[in-house]
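**Q** Using only what follows, build the 3D model:
(chains A, B and C)
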Amino acid sequence: MPLVRIDLIEGKSDGYREQVGEIVHQAMVDCLNVPKDDRFQVITEHSKKGLQFDPGYLGIRRSDDCIFLQITLNRGRTTEMKQRFYRAVADGLHQQLNMRREDVLISLVEVEKEDWSFGNGEAQYANSPR
Amino acid sequence: MPLVRIDLIEGKSDGYREQVGEIVHQAMVDCLNVPKDDRFQVITEHSKKGLQFDPGYLGIRRSDDCIFLQITLNRGRTTEMKQRFYRAVADGLHQQLNMRREDVLISLVEVEKEDWSFGNGEAQYANSPR
Amino acid sequence: MPLVRIDLIEGKSDGYREQVGEIVHQAMVDCLNVPKDDRFQVITEHSKKGLQFDPGYLGIRRSDDCIFLQITLNRGRTTEMKQRFYRAVADGLHQQLNMRREDVLISLVEVEKEDWSFGNGEAQYANSPR
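**A** Residues are numbered from 1 along each chain as shown, chains lettered A, B, ... in the order given. As a prediction, this is how the structure comes out:
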């Protein structure tokens, strides 16, 4: 169900970008109760000018490896779950891709169960308990 | 008012992508009370690696023709309206473009009337009844 | 905190696009209480076919210089603040880039404080008063 948009500056390999996607997805499975095969991601490269970010907002030093993650997902995760998720993403990207934890920006957008169709023109979650 | 993002894998013609946009818009007019000339769409092609999706989540077999639709629209449509909309999009894409209904992923994001400006720096919907 | 997506038709200079980003950001600082260094923007060029918009919806004449702004930000701004922001963006783009005010489309998406991580895997706003 989550729809994940990953935006980063061009110059990385296909494999790097795909691995970013995998790490983000694994953190969603581990921390947000997202099913293993519920993976839908748009990964977009931009020119350096196309990704504008302050290099020091909130005292966090960002580099050109900065990535933006924007995730649309169902309402209902607690703040604690979100906090665990943010940490798992930053840790995973750091440990597996040597990315700086400072370079990981995450934005969540919550929606309702009836706001999804996963194919066949049906609202598969509309009548599910969550 | 709806702002529609359409993401798909590269390799289709301009005409194909434009027709996807037209079919999605017509379904919004028919099922969601969207005015005929209220069409605003961002259609983006991606490399195959740029659009990551599980090929079988919820038992739905997706192919490389899979498209992601993400639609920002005003709050207030009923679940039944959304369900009719999902069906109309999948049916329209199947009937007019021979797209597989399994390949149509839809995500809605609801916002408020005052969250829009359609030009001239004004919030045209802010004081409208809906 | 706001995550800003700016979509426009290709053919403008890097400097033009960057200035669009700066003007939008300044209006957020001036009208929405956004900190000066809280700037995160994705600026994407599209082919003419990739940005579909009605040329006259609500009686506003749009040209190929039309830009779409979609801004994810924390809930809590009043309608009056949003209205001042829309005007400031359209005025700024008109005065500094000679853009037609008719060509500025804005969409806001509101989220909660705990929906952001600005780096280091932390939810920096989760426990802040707003």
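
**Q** can you map out the strands along chain A?
**A** A:3-9, A:40-46, A:51-53, A:67-74, A:104-111, A:116-117 (DSSP state E).

**Q** Tabulate these (TSV), appending mean neighbour count, mean pLDDT and distance to chain C.
**A** Every residue, glycine included, has its C-beta placed from N, CA and C. Below are the strands of chain A laid out as TSV (neighbours: other CB atoms under 10 Å in any protein chain shown; pLDDT from 0 to 100; distance: least, CB to the nearest CB, whole Å):
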stretch	mean neighbour count	mean pLDDT	distance to chain C
strand A:3-9	21	98	5
strand A:40-46	21	98	7
strand A:51-53	22	97	4
strand A:67-74	22	98	6
strand A:104-111	22	98	4
strand A:116-117	26	98	17
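
**Q** Please name the nearest non-neighbouring residue to the residue nearest the centre of chain A.
**A** The centroid of chain A falls nearest to residue A:69 when counting by CA atoms, centre = their mean (4.2 Å). Closest residue in space to residue A:69, ignoring its immediate chain neighbours: residue A:106 at 4.7 Å, by CB to CB, 6 or more residues apart in numbering or on different chains.

**Q** what about the closest residue to chain C within chain A, distance to chain B?
**A** The nearest approach of chain A to chain C comes at residue A:90, 3.0 Å away (CB to the nearest CB). As judged by CB to the nearest CB, to the nearest Å, residue A:90 and chain B stand 20 Å apart.

**Q** again, but for residue A:57
**A** In terms of CB to the nearest CB, residue A:57 sits 24 Å off from chain B.

**Q** Show me what from chain A comes close to chain B.
**A** Taking CB under 8 Å from any CB of the partner chain as the test, the list of chain A residues beside chain B reads A:3, A:14, A:17-18, A:21, A:35, A:37-45, A:72, A:109, A:111-112, A:114-124, A:126.

**Q** change it to 6 Å
**A** A:3, A:14, A:18, A:21, A:37-43, A:72, A:111, A:114-121, A:123-124, A:126 (CB under 6 Å from any CB of the partner chain).

**Q** hmm, back to that, is it possible to get JSON lines of the strands of chain A that adds distance to residue B:28?
**A** Putting the strands of chain A into JSON lines (distance: least, CB to CB, whole Å) gives the following:
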{"stretch": "strand A:3-9", "distance to residue B:28": "18"}
{"stretch": "strand A:40-46", "distance to residue B:28": "21"}
{"stretch": "strand A:51-53", "distance to residue B:28": "31"}
{"stretch": "strand A:67-74", "distance to residue B:28": "18"}
{"stretch": "strand A:104-111", "distance to residue B:28": "17"}
{"stretch": "strand A:116-117", "distance to residue B:28": "14"}
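
**Q** Across the sheet, point out what pairs with the residue nearest to residue A:69.
**A** residue A:69, residue C:117 (DSSP bridges).

**Q** and it, what does it touch?
**A** A:69, A:86, C:117 (CB atoms under 6 Å, 6 or more residues apart in numbering or on different chains).

**Q** Over to residue A:81?
**A** Counted by CB under 6 Å, 6+ apart, residue A:81 has contacts A:31-32.

**Q** quick one: the closest residue to residue A:89 other than its chain neighbours from residue A:110, how far?
**A** In space, and not counting its chain neighbours, residue A:89 is closest to residue A:27: 4.6 Å by CB to CB, 6+ apart. Relative to residue A:110, residue A:27 is positioned 17 Å away (CB to CB, to the nearest Å).

**Q** residue boundaries of the helices in chain A?
**A** Per DSSP state H, chain A carries helices over the ranges A:14-31, A:79-97.

**Q** Format these as TSV; extra columns: distance to residue C:78 and mean pLDDT.
**A** Written out in TSV, the entries for the helices of chain A read as follows (distance: least, CB to CB, whole Å; pLDDT from 0 to 100):
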stretch	distance to residue C:78	mean pLDDT
helix A:14-31	34	98
helix A:79-97	25	98
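
**Q** Dump those into JSON lines; add distance to residue C:58 as well.
**A** Converted to JSON lines, the helices of chain A look like this (distance: least, CB to CB, whole Å):
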{"stretch": "helix A:14-31", "distance to residue C:58": "39"}
{"stretch": "helix A:79-97", "distance to residue C:58": "38"}
